[in-house]
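**Student:** the sequence and its predicted three-dimensional model are supplied below.
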Amino acid sequence: MSKPVPFDWGALTEDEPLTEHELEAKAQDLLAQMSLDEKIHQMSGDGSYFIEGPRMLRAYNPRPIPAGVNPRLGLPGVQFSDGPRGVVMYNSTCFPVSMARGASWDIELEQRIGDAIGVEARSQGANFFAGVCINLLRHPAWGRAQETYGEDPYHLGEMGAALVRGAQRHLMACAKHYACNSIENARFKVDVKISPRVLREVYLPHFKRCVDEGLAAVMSAYNRVNGDWCGHNNHLLREILKGDWGFDGFVISDFVYGLHDGKAAALGGLDLEMPFTGHYGRKLRKLVESGDVPQAIINDAVLRILRTEIRFAQIGELERYDPHSVVSPAFVKLAREAAAKSMVLLKNEPPSGAGLPLLPIDRARVSRIALIGELADIPNTGDLGSSQVRPPYVVTPLQGLQAALDGSGIGLDYQDGKKIAAAVEIARDADIAIVVAGYTYRDEGEYIKTLWSTKGGDRDSLRLHPHDEALIQAVASANPCTLVVMVGGSAIITEAWRESVPAILMAWYGGMQGGFALVDILFGTLNPSGKLPCVFPKSEDQLPFFDKNADSIEYGYYHGYRLLDVDGEEPAFAFGFGLSYTTFEYRELHLDQETIDPNGMMTARVEITNTGSVAGDEIAQLYIGYVGSRVDRPLRELKGFTKVSLQPGETRQVTFNLPAQRLAYYNESRSEWSIEKITYLVYVGSSSAGDDLLSAQFRIVEQ
């Protein structure tokens, strides 16, 4: 692979930033200089299907993927790089997967990760990052769950917007896959049936949030929505995205199979076919010449691309774009921080039912640790699909523990767990046994089937493999001080063994520094602060219907924690749940007003105290319930969250500002958003579970 070269915007760069008027004039001028062939060339990838296609099967996106390069006019075009765990090209920093970062609930941290990704992409020749994956997790069996942030639209939107802010300091960012993409194996064929209200309230708000943040591009999904392919979908692309939301960026297709008909795609609002020409190019030219596609459609698409490229040519931090910036010590440190802050402590009890909880491990009281499980000794950063990052190294849990215990006098025994009797033997002689269990690219991820192998796909079960469950039970029987570290991309059902162990830690796919981050949590160097971005059910019966091979499926109004709430079901671990090595108390919830008008703002304030003995971070969450609504609405739904850091004994007041507009529902009979003049319940606390929440109420009244 050739050495990466920092990207240069070329003829688009100006000495001084352009005003919007000047930017538009420059885009119009460039358009006027183009022939029809040059315009159409802007609308598809530059590579050859027959040359680049086989190369992509061997190694996806090892260098920027170009589209619309025009040497005559000095246009560098789109230089595409994928994500979202980091820059896919070359050997870049591998961050934890998005679901893990969603568990951090840390907006500032995600923005810093976006900044790092932007620097690394620019330093390696890209000007476009297609890693803002914000598809809603409808069901945790979805194979690509690891690529998104969670199940809640509000949480998704805020995390996605943070990544956009960070990345777009340096390059164009693209959100995907628009829309209703939440089944992997059937992604090329499935037709999602969905009502206007469910579409607008549940599956699109996070995309609009990123558009409002100034998003450069949107990638259409493979699936259909209400009968129309997403890449051809006039309702999604022209009426909602470009019309209702006023999106002035451009729309690109998902790769290869994102288009089925060039005419339908062009008329439907698809601006750029990627990664090479299939249905555009000469076919599109003939459609224009025959009058089947108006030239105004072509001009609009090309102007959107040019306008966006010129806008982003005016931004950047040139002194930072250097190959030496890639996998720099600062970015490696950031990857470790992100992995540690993403881990969710699900259970932490005293092993004997009395005394101190199992974690953090007290080095003074431990002389030997048993580490068990095949996943403890393999690089396991997520699937091997389009999101695969190729870091120069990956720190495994075994390597992390070896480094932490070197010279400490504490012994470490490792056994891969394939033979349960051997695992039990080392567990019995240890002060603490750590079992690492979960999934790899073989179990979940982007579904890639070739003549040689099958990778990823949707999960058939949310439980651990039967051997892993038996291993955990056997080890826990031999050693009451057993910790289970789970690795995976979304919810895992733990009912078969949860009561047998005193401690459970959800580590997700932790990126290249995951092993060091795990050690940071285990020994208390960092206090765990992660919270679940999706509900962990007791049974798959608590979740929506899921068929990974469906030709057609209906997406309803409820899923995740909102479905369990309305059904009166109790999960194993609630949405927003996560333990700490300290404790927090919420009290004195106050609202600044008893009533507001439909254009007003309600402010809620709550006091949070660290009642434990160590410093910690708490994710305070605000949910809203509805009293007397004329339409079906959730028992409660997330409408705000914030992170607060507290020293032992410290109390801080946390403030939430809630615009009334955030409480609107989509009125299908009027095709507009409506705000009900009713009573609203405000819940604030540490998770979505009712027992964890304080409550107050206010009303929205006529202005």
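**Tutor:** That came in fine, so what should we check first?

**Student:** low-confidence ranges in the protein?
**Tutor:** The model of the chain has pLDDT under 70 over residues 1-3.

**Student:** can you identify the element that follows the biggest strand by length in it toward the C-terminus?
**Tutor:** Secondary structure of the chain per DSSP state E: the longest strand is strand 616-627. Going down the chain from strand 616-627, the next helix or strand is strand 637-646, by DSSP states H and E.

**Student:** for that following strand, packing partners?
**Tutor:** helix 153-167, strand 601-610, strand 616-627, strand 651-659 (3 or more C-beta pairs under 8 Å, 6 or more residues apart in numbering; DSSP states H and E). Placement of C-beta: from N, CA and C, glycine included.

**Student:** in it, what's buried?
**Tutor:** 637-641, 643-644, 646 (16 or more other C-beta atoms under 10 Å).

**Student:** need the residues you listed in TSV with distance to residue 237, can you?
**Tutor:** Formatted as TSV, the buried residues of strand 637-646 follow (distance: C-beta to C-beta, whole Å):
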residue	distance to residue 237
637	27
638	28
639	28
640	30
641	31
643	35
644	40
646	46
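
**Student:** which residues does stretch 119-126 contact?
**Tutor:** For stretch 119-126, contacts defined as C-beta atoms under 8 Å, 6 or more residues apart in numbering pick out 4-7, 63-64, 79-81, 86-87, 89-90, 92-93, 127-129, 167, 170-171, 316-317, 320-323, 325-327, 331.

**Student:** give the buried subset of those as a ChimeraX selection command.
**Tutor:** The buried residues among those can be selected in ChimeraX (16+ other C-beta under 10 Å) with this line:
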select :4,6,7,63,64,79,80,81,86,87,89,90,92,93,127,128,129,167,170,171,316,320,321,325,326,327,331
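
**Student:** for the chain, longest helix please?
**Tutor:** Determined from DSSP state H, the single longest helix within the chain is helix 295-313.

**Student:** what strands line up against the longest strand of the chain, and which way round?
**Tutor:** Strand 616-627 pairs in its sheet with strand 637-646 (antiparallel), strand 679-685 (antiparallel), by DSSP bridges.

**Student:** domain map for this structure?
**Tutor:** Domain ranges of the chain: 10-182+195-324, 335-567, 584-700, per automatic domain parsing.

**Student:** from the chain's centre, how far out does the second one sit?
**Tutor:** By that I understand domain 335-567. Relative to the chain's own centre, domain 335-567 is displaced by 19 Å; criterion: C-alpha atoms, centre = their mean, to the nearest Å.

**Student:** again with stretch 230-240
**Tutor:** For stretch 230-240, the distance to the chain centre is 23 Å (C-alpha atoms, centre = their mean).

**Student:** name the residues that touch that stretch?
**Tutor:** With C-beta under 8 Å, 6+ apart, stretch 230-240 has contacts from 177-181, 204, 220-226, 228, 251, 253-254, 258-261, 264-265, 267-270.

**Student:** any of these buried? List them.
**Tutor:** 177-181, 204, 220-225, 228, 251, 253-254, 258-259, 264-265, 267-270.

**Student:** can you put the helices and strands packed on strand 637-646 in a markdown table and add distance to residue 353?
**Tutor:** Formatted as a markdown table, those follow (distance: least, C-beta to C-beta, whole Å):
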| stretch | distance to residue 353 |
| --- | --- |
| helix 153-167 | 35 |
| strand 601-610 | 26 |
| strand 616-627 | 24 |
| strand 651-659 | 32 |
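
**Student:** if you compare these, which one is most tucked away?
**Tutor:** Among the helices and strands packed on strand 637-646, the stretch with the highest mean neighbour count (mean count of other C-beta atoms under 10 Å) is helix 153-167, at a mean of 24.

**Student:** next, the angle strand 637-646 makes with that one.
**Tutor:** Orientation of helix 153-167 against strand 637-646 (axes from the mean of the first three to the mean of the last three C-alpha atoms, to 10 degrees) gives an angle of 60 degrees.

**Student:** next structured bit after helix 153-167?
**Tutor:** Assigned by DSSP H and E, the successor of helix 153-167 is strand 172-178.

**Student:** from one end of stretch 550-567 to the other, what's the distance?
**Tutor:** One end of stretch 550-567 sits 25 Å from the other (C-alpha to C-alpha, to the nearest Å).

**Student:** from here on, count from 22
**Tutor:** OK, 22 is where the count begins now, so the last one is stretch 571-588.

**Student:** what comes up buried for it?
**Tutor:** In terms of neighbour count (16+ other C-beta under 10 Å), stretch 571-588 has its buried residues at 571, 574, 576, 578-586.

**Student:** coming back round to it: out of the buried ones among the contacts of stretch 251-261, which are inside helices?
**Tutor:** Short answer: the buried ones among the contacts of stretch 251-261 in helices (DSSP H) are 285-286, 288-289.

**Student:** among those, which two are most distant?
**Tutor:** 286 and 288 (7.4 Å; C-beta to C-beta).

**Student:** how about residue 243: what's its closest non-neighbour residue?
**Tutor:** Once flanking residues are discounted, residue 243 sits nearest to residue 208: 4.6 Å by C-beta to C-beta, 6 or more residues apart in numbering.

**Student:** next one: residue 513
**Tutor:** residue 507 (5.5 Å).

**Student:** which residues does that neighbour bridge with?
**Tutor:** residue 458, residue 527.

**Student:** circling back: format the strands paired with strand 637-648 as a markdown table; extra columns: distance to residue 597.
**Tutor:** Output for the strands paired with strand 637-648, formatted as a markdown table (distance: least, C-beta to C-beta, whole Å):
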| stretch | distance to residue 597 |
| --- | --- |
| strand 658-667 | 7 |
| strand 700-706 | 8 |
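
**Student:** now for those strands, which one comes closest to residue 623?
**Tutor:** Taking those one by one with C-beta to C-beta, strand 700-706 is closest: 7.6 Å.

**Student:** tell me the buried residues in the closest one?
**Tutor:** So for strand 700-706, counting by 16+ other C-beta under 10 Å, buried means 701-706.

**Student:** got the contact list for that strand?
**Tutor:** 607, 610, 612, 623, 625, 627, 641-649, 657, 677, 679, 684, 711, 713-721.

**Student:** same check on stretch 311-329?
**Tutor:** Applying C-beta under 8 Å, 6+ apart, the contact partners of stretch 311-329 are 44-45, 48-49, 51-52, 55, 57, 60-61, 63-64, 89, 96, 99, 193, 237-238, 269-271, 284, 287-288, 292-293, 305, 308-309.

**Student:** list buried residues within those residues.
**Tutor:** The neighbour-count criterion (16+ other C-beta under 10 Å) marks 44, 48, 51-52, 55, 60-61, 63-64, 89, 96, 99, 193, 237-238, 270-271, 284, 287-288, 292-293, 305, 308-309 among these as buried.
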